[in-house]
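Colleague: would you be able to build a 3D model of this:
(one chain, ligands or ions: 1)
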Amino acid sequence: MAAVPLQDLSPRLANVRPSPTLAITARAKALQEEGHDVVGFGAGEPDFNTPQPVIEAAIQALHDGATKYTPSAGLPALRKAVSEKLLRENKLHYNPDQVVVSCGAKHSVYNALQVLLSPGDEVILLAPYWMTYRDQIILADGVPVVVHSTAKDHFAPSLDAIQEAITPRTRAIIINSPCNPTGAMIPRDVLEGIAELAVQKDFWIISDEIYEHLTYDEPPVSVAGFSKAVYDHVITITGCSKSYSMTGWRIGFMAAPKPIATAVSMLQDQVTSNPTSFAQYGAIAALHLPQHDVETMRLIFEGRRNLVMELLHEIPGVATCRPQGAFYAFPSVPLLEGETDADLAQTLLEECHVAVVPGSVFEGPGHIRLSYATGEDRIRVGLDRLKRFFAHRVV
Ligand SMILES: Cc1ncc(COP(=O)(O)O)c(C=O)c1O
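Modeller: The predicted structure is shown next:
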């Protein structure tokens with residue numbers, strides 16, 4: 001059969017971009033297969049194995065015959081475990097029927113946008129942002145409205161700028177603290193300001209808290225806990241991928257006011273049905289892991305964060321804010337006349353065999369994103385290569 005030209009497919013795809021992170025990872029892999037020693041700072045996933053009790057719970061579930069459909073919104077036991085986790089860790093009261101389990105937090109964000117947006121509704125994005133948000137807003141016929149922040153302000157969004165971006169069509173804002181790609185956390189006073197605006201102007205806050213367990217300087221804040229009025233405007237999203245090194249399991253959660261949870265569950269009924277049955281049993285085990293296991297991983301990431309900061313500071317012309325969470329650093333980089341950060345990322349991959357993601361992917365041009373979800377020895381090798389590369393660069 002002849003290949004179908006993209007323009008012959010649904011116009012829905014017209015503004016959706018392929019994931020640049022996946023393209024970089026694929027090129028890095030190809031170089032590796034050619035025999036090159038590539039240091040991967042590209043991938044957004046923890047390098048640890050999934051904890052053994054989680055694996056065992058999923059295997060046991062398979063042996064026990066948990067191979068059939070579950071309720072679309074997830075196993076009652078998992079929804080209960082999520083509700084208990086949200087109370088225990090986040091001090092949020094959500095009944096199990098306000099929780100929907102989906103195929104990763106990415107799917108939860110998608111579902112939220114699908115049920116909230118009418119064509120032309122605006123969603124405020126705080127740049128630099130995880131690029132998936134933009135594409136998912138467009139897939140829901142919405143309009144992304146971007147509010148920029150800068151390294152000078154440690155990537156803290158300005159409340160004034162957010163206020164200016166609000167229009168009668170504003171339906172939601174997406175917040176992500178700690179943030180991919182900057183590792184920044186939104187200061188509490190800014191979160192409170194956003195919450196106040198959401199209540200005042202009656203729009204939703206989609207709070208993507210997927211990196212909640214990976215914070216290094218201050219505990220994470222769940223905006224839904226501010227007040228009852230705020231709670232009624234928030235969709236809280238988290239999941240297993242980053243906290244328990246379970247990216248491939250595809251388990252994410254949303255908790256929201258009942259009508260939203262019911263709508264998402266109905267949508268999921270007709271789209272994916274339930275997330276994989278035995279993965280859900282693994283997730284129940286993950287949510288019951290001793291705190292110590294999560295803390296061990298967090299401490300390793302904190303050590304890496306400190307190492308990356310120390311080594312980046314040694315590179316002339318490269319300036320970086322100290323990330324407070326997640327596993328990303330987002331330094332600004334010296335560019336040559338006419339060069340983009342995407343060009344630079346390509347050069348770094350081809351010449352230094354160091355994979356990074358260009359900042360413009362996240363609407364943070366002039367930066368690169370380094371994921372430090374890799375061992376300290378590799379971090380040293382990669383940053384030493386970058387140091388030697390930038391030492392020869394005169395801009
Ligand atoms: C901000 C953010 N939210 C959500 C996700 C996706 O999480 P999941 O694997 O649960 O779909 C990612 C993954 O990179 C992310 O960076």
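Colleague: in which helix or strand does Ile284 reside?
Modeller: If you go by DSSP states H and E, Ile284 is part of helix 277-287.
Colleague: now what about that helix, what contacts it?
Modeller: 50-51, 53-62, 66-70, 74-75, 77-78, 81-82, 84-85, 101, 240, 243-244, 246, 249-251, 274 (Cβ atoms under 8 Å, 6 or more residues apart in numbering). No exception for glycine: its C-beta is placed from N, CA and C like everyone else's.
Colleague: list the contacts for the closest residue to the ligand within the stretch 1-150 of the chain?
Modeller: The nearest approach of the stretch 1-150 of the chain to the ligand comes at Gly104, 2.6 Å away (Cβ to the nearest ligand atom). Counting by Cβ under 8 Å, 6+ apart, Gly104 touches Gly239, Ser241, Arg250, Ile251, Gly252.
Colleague: what number of residues lie near the closest residue to the second one other than its chain neighbours?
Modeller: Nearest non-adjacent residue to Ser241, counting by Cβ to Cβ, 6 or more residues apart in numbering: Thr247, 4.5 Å away. When counting by other Cβ atoms under 10 Å, one arrives at 18 neighbours for Thr247.
Colleague: where along the stretch 251-395 of the chain do the strands fall?
Modeller: 252-255, 328-329, 354-355, 357-358, 368-371 (DSSP state E, counting those that start in this stretch).
Colleague: for the ligand, find the nearest of the ones you listed.
Modeller: strand 252-255 (4.1 Å).
Colleague: what does the closest one contact?
Modeller: Here strand 252-255 makes contact (Cβ under 8 Å, 6+ apart) with 74, 82-83, 86, 92, 94, 98-108, 111-112, 210, 224, 235-241, 261, 264.
Colleague: ok, Glu350 - how many residues close by?
Modeller: A count of nearby residues for Glu350, using other Cβ under 10 Å, gives 12.
Colleague: list the contacts of it.
Modeller: Counted by Cβ under 8 Å, 6+ apart, Glu350 has contacts Leu31.
Colleague: touching, Asp208 and Ile175? I think so.
Modeller: Yes: in this structure Asp208 lies within contact range of Ile175 using Cβ atoms under 8 Å: 7.0 Å.
Colleague: the ligand contacts on the stretch 51-200 of the chain?
Modeller: Gly104, Ala105, Lys106, Trp130, Asn176, Asn180 (Cβ under 6 Å from any ligand atom).
Colleague: which ones among these are found in helices?
Modeller: Ala105, Lys106 (DSSP state H).
Colleague: biggest separation within the residues of the stretch 51-200 of the chain next to the ligand, which pair?
Modeller: Gly104 and Asn176 (14.7 Å; Cβ to Cβ).
Colleague: residues of the stretch 201-350 of the chain that sit close to the ligand?
Modeller: Asp208, Ile210, Gly239, Ser241, Thr247, Gly252.
Colleague: show me which pair in those residues is furthest apart.
Modeller: Asp208 and Thr247 (15.2 Å).
Colleague: phi, psi of Arg88?
Modeller: Main-chain torsions, Arg88, degrees, to the nearest 10: phi -60, psi -50.
Colleague: typo on my end, Gln98
Modeller: Residue torsions, per degrees, to the nearest 10, at Gln98 are phi -100, psi 0.
Colleague: excluding chain neighbours, give the residue nearest to it in space.
Modeller: That would be Ala261: by Cβ to Cβ, 6+ apart, it lies 4.7 Å from Gln98.
Colleague: hmm, which two among the contacts of Gly104 are most spread apart?
Modeller: Across the contacts of Gly104 (Cβ to Cβ), the longest gap, 8.8 Å, separates Gly239 and Arg250.
Colleague: so which of the two has more stuff around it?
Modeller: Gly239 (30 against 20).
Colleague: tell me the bridge partners for that one.
Modeller: Counting by DSSP bridges, Gly239 forms beta bridges with Gly252.
Colleague: that one contacts Trp249, correct?
Modeller: No: Gly239 lies out of contact with Trp249 (Cβ under 8 Å); the separation is 9.3 Å.
Colleague: number of residues surrounding Asp8?
Modeller: By other Cβ under 10 Å, 7 other residues sit near Asp8.
Colleague: quick one: pLDDT of it?
Modeller: Note on Asp8: pLDDT of 83.
Colleague: spatially central residue in the protein, please.
Modeller: Asn180 (5.3 Å; Cα atoms, centre = their mean).
Colleague: now the closest residue to that one other than its chain neighbours: how far from Asp343?
Modeller: In this structure, Asn180 finds its nearest non-sequential neighbour in Trp130, 4.6 Å apart by Cβ to Cβ, 6+ apart. Using Cβ to Cβ, to the nearest Å, one gets 22 Å for the distance from Trp130 to Asp343.
Colleague: neighbour-wise, which of those two wins?
Modeller: Trp130 (21 against 13).
Colleague: Asn176 is in contact with the more buried one, correct?
Modeller: Yes: here Trp130 reaches Asn176: they are 6.2 Å apart, a contact under Cβ under 8 Å.
Colleague: identify the contacts common to these two.
Modeller: Asp208.
Colleague: identify the residues contacting the closest residue in space to Phe48 that isn't next to it in sequence.
Modeller: Using Cβ to Cβ, 6+ apart and skipping residues adjacent in sequence, the residue nearest Phe48 is Ser245, 4.3 Å away. If you count contacts by Cβ under 8 Å, 6+ apart, Ser245 has them with Glu45, Pro46, Asp47, Phe48, Asn49, Thr50, Pro51, Met297.
Colleague: please consider this matter closed, and thank you.
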